[in-house]
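Peer 1: model the following, please.
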Amino acid sequence: MDLELRHLKIVKAVADAGSLTRAATALGLAQPALSAQLKRVERALGGTLFVRGREGVRATALGELVLERARVLLPAVCELQEEAQRFARQGAHGYRLGGTHGPLLGGLVDRLAREEPGVPVTTYTSWSEKEVAGGVADGRLDFALVGVCGESAPPEPGRLAWMEVARDPVHVMLAEDHPLALARTPREEIELAELAAEAWTDVPGDGCFGDCFAAACVRAGFAPACVYETDTASCVHLVQVGRAVGLCRATFPATPGLVTRPLAGTPLVWRHVLGWHPAARVAARAAGVLSHARAAHEEALGRSASAAGAGALRAAAVRAPAAQLRCG
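Peer 2: Numbers count the residues shown, from 1 in each chain. Next up, the predicted model:
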């Protein structure tokens with residue numbers, strides 16, 4: 001009988017479980033079937049792998065040798081399989097981009113399409129940063145363009161490479177006839193405490209932004225009475241009709257009926273980050289995609305609802321050095 005990977009999995013399962021009964025349960029086999037398979041493996045390898053006792057099984061010297069090799073080979077084969085699947089999914093040259101809400105993904109698509117006409121660009125969007133990053137980690141997407149709150153780590157820190165595109169102060173979004181909008185110029189800041197009586201609206205996410213916002217409100221001396229988490233269009237509508245004030249990035253585009261104002265002291269910061277799998281073929285194109293994403297951010301700032309204060313925004317949107325982020 002030739003030794004196969006499934007045989008090594010059986011040996012490792014028995015050693016990990018410490019007994020044939022527990023190993024059979026873990027493998028979904030009947031104990032007699034497992035015992036028969038283990039005997040065949042032992043015959044193929046030329047000796048006994050385990051000594052059975054009242055307290056379970058103990059590996060023999062031969063068993064320890066086999067286990068040592070199995071613990072190297074099994075993860076290596078698993079990694080090979082994952083890498084091969086990623087490679088097969090990547091297909092022809094093109095860009096498969098994943099992103100969350102915000103204007104940067106559209107800007108990145110536009111720049112890539114202009115730079116490389118005829119090269120396919122596809123997109124996938126989700127409110128979940130983790131979902132988008134997971135798509136890159138398993139090879140369904142090439143790049144993730146998402147945001148994270150403050151200095152928090154991007155998703156999948158152990159599997160993906162991440163670079164910072166830019167960072168923006170978080171602004172408040174008001175109806176154009178809101179008293180604070182009428183009383184402030186685009187560059188004038190609003191104290192968070194001045195909004196204590198307001199209901200709020202924001203898009204959902206699976207990072208720490210909601211907790212950080214709540215903490216900023218507590219530091220300002222209040223707890224938000226109501227926060228509507230909904231899609232961007234609904235957030236805009238709630239602000240336009242005066243039902244709530246919104247939280248938005250500095251890159252939020254100019255929208256009829258709305259104005260945005262900076263918050264005093266910049267209590268919340270949003271970092272735009274680009275992620276990719278370092279072992280994927282597209283990793284060689286990451287520097288170019290990052291450059292386009294940064295240019296898209298500059299263009300979004302120019303079109304933003306706070307364009308009149310763009311100089312102040314650019315001073316606040318401080319980029320990280322051109323070195324890979326060490327997150328997680």
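
Peer 1: I figured A196 hits A220, correct?
Peer 2: Yes. Counting by Cβ atoms under 8 Å, A196 does reach A220; the two are 7.2 Å apart. For the C-beta atoms, the positions are set from N, CA and C on the backbone; glycine is no exception.

Peer 1: for the chain, which strand is longest?
Peer 2: Using DSSP state E, we find that the single longest strand of the chain is strand 161-175.

Peer 1: so what strands line up beside that one?
Peer 2: strand 245-249 (antiparallel), strand 258-262 (antiparallel), strand 269-276 (antiparallel) (DSSP bridges).

Peer 1: for the record, mean pLDDT for stretch 18-25?
Peer 2: Mean pLDDT, stretch 18-25: 91.

Peer 1: list the buried residues in it.
Peer 2: Residues 19-20, 22-24 are the ones in stretch 18-25 that count as buried (16 or more other Cβ atoms under 10 Å).

Peer 1: repeat that for stretch 171-179.
Peer 2: 171-175, 178.

Peer 1: turn these into JSON lines, including pLDDT and distance to A225.
Peer 2: Shown next, in JSON lines, are the buried residues of stretch 171-179 (pLDDT from 0 to 100; distance: Cβ to Cβ, whole Å):
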{"residue": "H171", "pLDDT": "94", "distance to A225": "20"}
{"residue": "V172", "pLDDT": "95", "distance to A225": "15"}
{"residue": "M173", "pLDDT": "95", "distance to A225": "17"}
{"residue": "L174", "pLDDT": "95", "distance to A225": "17"}
{"residue": "A175", "pLDDT": "95", "distance to A225": "18"}
{"residue": "H178", "pLDDT": "95", "distance to A225": "17"}
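
Peer 1: make a markdown table out of those and add distance to A280.
Peer 2: Output for these, formatted as a markdown table (distance: Cβ to Cβ, whole Å):
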| residue | distance to A280 |
| --- | --- |
| H171 | 35 |
| V172 | 39 |
| M173 | 37 |
| L174 | 43 |
| A175 | 45 |
| H178 | 47 |
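
Peer 1: are we agreed that L65 is in a strand?
Peer 2: No. Read with DSSP: H, G, I helix; E, B strand; the rest coil, L65 is helix and lies in no strand.

Peer 1: for it, grab the count of nearby residues.
Peer 2: Using other Cβ atoms under 10 Å, the number of residues around L65 comes to 14.

Peer 1: measure it to R71 for me?
Peer 2: Per Cβ to Cβ, to the nearest Å, L65 is found 11 Å from R71.

Peer 1: again with S126
Peer 2: Counting by Cβ to Cβ, the gap from S126 to R71 is 37 Å.

Peer 1: next one: T185
Peer 2: T185 is 65 Å from R71, where distance means Cβ to Cβ.

Peer 1: what of A286?
Peer 2: 33 Å.

Peer 1: more neighbours: which of those two?
Peer 2: Regarding A286 and R71, a neighbour count based on other Cβ under 10 Å identifies A286 as having more, with 20 against 13.

Peer 1: residues contacting the more buried one?
Peer 2: 143, 161, 163, 274, 276 (Cβ atoms under 8 Å, 6 or more residues apart in numbering).

Peer 1: list only buried entries from those.
Peer 2: 143, 161, 163, 274, 276.

Peer 1: which pLDDT value belongs to the second one?
Peer 2: Okay, so that is A161. We have a pLDDT of 96 for A161.

Peer 1: tell me which of A196 and A220 has more neighbours.
Peer 2: Taking other Cβ under 10 Å, A196 and A220 do not tie; A220 has more neighbours (18 against 14).

Peer 1: buried sites along the helix or strand harbouring L108?
Peer 2: Taking DSSP states H and E as the definition, one finds L108 inside helix 104-115. Neighbour counts over helix 104-115 (16+ other Cβ under 10 Å) mark 104-105, 107-109, 111-112 as buried.

Peer 1: hey, C-alpha coordinates of that helix in PDB?
Peer 2: Taking C-alpha atoms only, helix 104-115 is exported to PDB below (Å, rounded to 0.1, in the frame of the first residue of the first chain):
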ATOM      1  CA  LEU A 104     -13.000  56.300  -3.800                       C
ATOM      2  CA  LEU A 105     -13.900  53.000  -5.400                       C
ATOM      3  CA  GLY A 106     -15.600  54.800  -8.300                       C
ATOM      4  CA  GLY A 107     -12.600  57.100  -8.700                       C
ATOM      5  CA  LEU A 108     -10.200  54.100  -8.700                       C
ATOM      6  CA  VAL A 109     -12.300  52.300 -11.400                       C
ATOM      7  CA  ASP A 110     -12.300  55.500 -13.500                       C
ATOM      8  CA  ARG A 111      -8.500  56.000 -13.300                       C
ATOM      9  CA  LEU A 112      -7.700  52.300 -14.000                       C
ATOM     10  CA  ALA A 113     -10.100  52.300 -17.000                       C
ATOM     11  CA  ARG A 114      -8.500  55.400 -18.400                       C
ATOM     12  CA  GLU A 115      -4.900  54.200 -17.800                       C
END
